[in-house]
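> structure for this input, please:
(2 chains)
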Amino acid sequence: MTAAKHIAGPATGQAAGVPADLQSAGTPDLPPHAGGSAGRPPGQHGAPEARVGQIRPGRPIALAGALLVVSVIAGVAIGPAGLSPLQVLDAIATRLPWHPHLAVSSLDSAIVWQIRLPRVMLGALVGSMLAGGGAAYQGIFRNPLADPYLLGVAAGAGLGATIVIVSGGSPALTPPAAFAGAVGGVALTYLLGSRARPGRESPAPGGATGSILLAGIAVAALLTAFQTYLQQQHAQTLAYVYGWILGGLSAASWSEVWLILPYVAVAAIALLAHRRLLDVLRVGETEATSLGVDVDRLRLTVVTAATLGVAAAVAVSGLIGFVGIIVPHAIRLTAGPSYRVLLPVSMIGGAAFLVLADIAARTAQAPAEVPIGVITALVGAPFFLYVLRSRQARQDT
Amino acid sequence: MIGIDHLTVRYGGTVALDGIGGQIADGEWLGVIGPNGAGKTTLLNAIARLLRYDGAITVCGRRTSGLSRRQLARLIAYVPQRPVLPPDMTVSEYVLLGRTAHIGYLRTETAADRRICADAIDRLDVGGMAERTLRTMSGGELQRVVLARAIAQQAPVLLLDEPTSALDLGRRMDALELIDKVRRERSLTVLSAIHDLTLAGQFADRLLLLAGGRIAARGGPAEVLQDAVLTAHFGPGVQVLTTDTGDIAVISRRAARAISPRSDTRP
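Model prediction:
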């Protein structure tokens, strides 16, 4: 499916489908010789009237939403004490405001509400931020390899979490420390890499992007060096630090969900609000500038929003890899490259993907858990390659 | 009207434009000519404020340095020499980008924006291609699509950097005729850098000859396109002919032969 599919209406030339105001706007003021020098083929009667339709991301959003609902129900149903989808729905329904009277055992209710649902919700929030942040970074840096950890979020979060763990701080301090490290890492990258001084445009549009990316690599290397040093100096916590870095949702509870929900909501709204401007950026920073976009401000806004959301996600789940690259690209290849489609569908699809990956992570070797990052790579990479190859095959024919 | 006053642009230690000045009247088509590296593109980029410069530029009576990007884009539409053409983008989506400066920040385009774009697409006879992706289009078609985006921008000033360099001679004529027609319909002020001196003389109202970052000559085509002026900057092989119909043709002439029978012009 290409982006063209999201433009509503028949392609062209069908007078019946052309609104009356368009028909009258096009023809009467055309002089008889119009298009003569423009080489219109002879024998073509009347002007083919263009229809510029709206981009409607409704269908891919509906499909991704359906997948998310199925994933959430599966995520709550599947586990050591198996529940049927109906039991899950009943257990959820009993806590809804209008409160239908259903026969739900208190054990089922506890499994759903205290164990499974918070974990599924947390996975959905984390997945939506990783995939949405990845899509936004790919747009803002116009680089298909950009992922949400690009500017030092992961290295900063890792350092923050490691400092708390090796110094014997309370486990409750780990998420705030990881969040602070993640935000600090990106801020450092941006300050070092951006040549634009505050309140002043960079001299040449586009000059800043490359240096921000390079600064991100340097800052990540530096923070990772500190983190590795600390980790090696404290052998007794090595396994714990390593487990945090690998990432996972095993510590999930409602308090984590409520903790990150505001950041996720603000980040999601801010990123979605800029989806049209990310489409303008597809023609490059110079042309976007001449079309009226303040590229420096757009970049700062999108990076800030993505950083808040991704840092919050990372703070409660560790460093889960591959989601931020694989999900946006799979969606780009199937639903088209427009950010108006890509950004919302990546967030919904990323949520579904991480919920499904977590099911695999906690059931594959139950009662032990496989690190979820292993699952996302193991399942995500082959799936991504399949989508890539089938897309290529379609283009070759 | 565009006013330029003591415009100087430096790239590191190199002076690309050296204190040039001048005015372009409303509705005028100014052709900027000159050898490679003369500063043609730099001049257009400075007017569009895409680089840092010293001096003052006013468009429609307002200094461009004090305008926001949105305000500037409502005054100036810029067609670069090699536009970025995302292969997966449809013609409709691409032309809609021209409305960026008219759509509120964080808003989406209205039916009026879409109508303006449909009108621009029809105007450039690419209506039948509105849903095609840019990947599938020829060079001449793409040229029209890029122009349609600039027209959808509805700015009174149109900057064109070598608008026809990728086209064959017939399509160059078509494209320039189209630009001429559109600018007359909408009384646009056009500033175009253009290599082809013959076409520059036929389409522009006035010519500006840049050389080494300075203005070497300016005036009507007949004043600027003269043997003595051109050979000084393009080399001795350039010769100006006037046809019986009064058209000025600038041709290249090889040193070894008297007058080459070939009629192509020296770029």
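
> so B:Ala217, which of the three states?
Following DSSP: H, G, I helix; E, B strand; the rest coil, B:Ala217 is assigned to strand.

> what residues are up against it?
With contacts defined as C-beta atoms under 8 Å, 6 or more residues apart in numbering or on different chains, B:Ala217 is in contact with B:Leu207, B:Leu208, B:Leu209, B:Glu223, B:Val224, B:Val229. C-beta coordinates here come from the backbone N, C-alpha and C atoms, glycine included.

> just the residues you listed that are near chain A?
On the criterion C-beta under 8 Å from any C-beta of the partner chain, none of the entries of the contacts of B:Ala217 sits beside chain A.

> can you give me the pLDDT of the nearest residue to B:Arg114 once chain neighbours are set aside?
On the basis of C-beta to C-beta, 6 or more residues apart in numbering or on different chains, the spatially nearest residue to B:Arg114 that is not a chain neighbour turns out to be A:Val52, at 4.3 Å. Listed pLDDT for A:Val52 reads 73.

> ok, now B:Gly98?
For B:Gly98, the model assigns a pLDDT of 94.

> hey, what's the most centrally placed residue in chain B bridged with?
By C-alpha atoms, centre = their mean, chain B has its centre lying nearest to B:Leu160, at 1.9 Å. B:Leu160 forms beta bridges with B:Val79, B:Ser192, as assigned by DSSP bridges.

> ok, B:Leu225 - contacts?
Counting by C-beta under 8 Å, 6+ apart, B:Leu225 makes contact with B:Leu197, B:Gly201, B:Leu207, B:Val240, B:Ile248, B:Val250.

> burial count for the second one?
It refers to B:Gly201. 22 (other C-beta atoms under 10 Å in any protein chain shown).

> how about it: what's its closest non-neighbour residue?
B:Pro221 (3.7 Å).

> can you tell me how far the one you found is from B:Ser192?
According to C-beta to C-beta, to the nearest Å, B:Pro221 stands 13 Å off from B:Ser192.

> backbone dihedrals for the nearest residue to A:Pro148 once chain neighbours are set aside, please?
Nearest residue to A:Pro148 in three dimensions, chain neighbours excluded: A:Gly133, at 3.5 Å (C-beta to C-beta, 6+ apart). Torsion angles at A:Gly133 (phi, psi; degrees, to the nearest 10) stand at phi -60, psi -40.

> so B:Tyr94 makes contact with B:Leu134?
Yes - shown here, B:Tyr94 and B:Leu134 form a contact pair, counting by C-beta atoms under 8 Å, at 6.3 Å.

> overlap in contacts of those two?
Here B:Tyr94 and B:Leu134 have B:Leu85, B:Pro86, B:Val145 as joint contacts, going by C-beta under 8 Å, 6+ apart.

> which one of those residues is nearest A:Ala154?
B:Pro86 (29.5 Å; C-beta to C-beta).

> before we move on, what SS does the closest one have?
coil.

> on that earlier part again, how close does the residue nearest to A:Pro148 sit to A:Pro382?
Going from A:Gly133 to A:Pro382 by C-beta to C-beta gives 23 Å.

> out of those two, which sits in the busier spot?
Neighbours were tallied for A:Gly133 and for A:Pro382 using other C-beta under 10 Å; the higher tally belongs to A:Gly133 (36 against 10).

> how about that one, what does it touch?
A:Gly133 touches A:Pro148, A:Ala267, A:Leu271, A:Ala306, A:Thr307, A:Gly309, A:Val310, A:Gly324, counting by C-beta under 8 Å, 6+ apart.

> distance of it relative to A:Leu151?
Applying C-beta to C-beta to A:Gly133 and A:Leu151 gives a distance of 10 Å.

> mind listing the shared neighbours of those two?
In contact with both A:Gly133 and A:Leu151: A:Thr307, using C-beta under 8 Å, 6+ apart.

> of the contacts of B:Ala217, just say which sits nearest to chain A.
Using C-beta to the nearest C-beta, B:Leu208 comes nearest to chain A of these, at 21.0 Å.

> what residues does whichever strand or helix holds that closest one touch?
For B:Leu208, the enclosing helix or strand under DSSP states H and E is strand B:206-211. Strand B:206-211 is contacted from outside by B:20, B:22, B:28-35, B:38-40, B:43, B:200-201, B:215-221, B:224-225, B:229, B:232-233, using C-beta under 8 Å, 6+ apart.

> great, nothing more from me.
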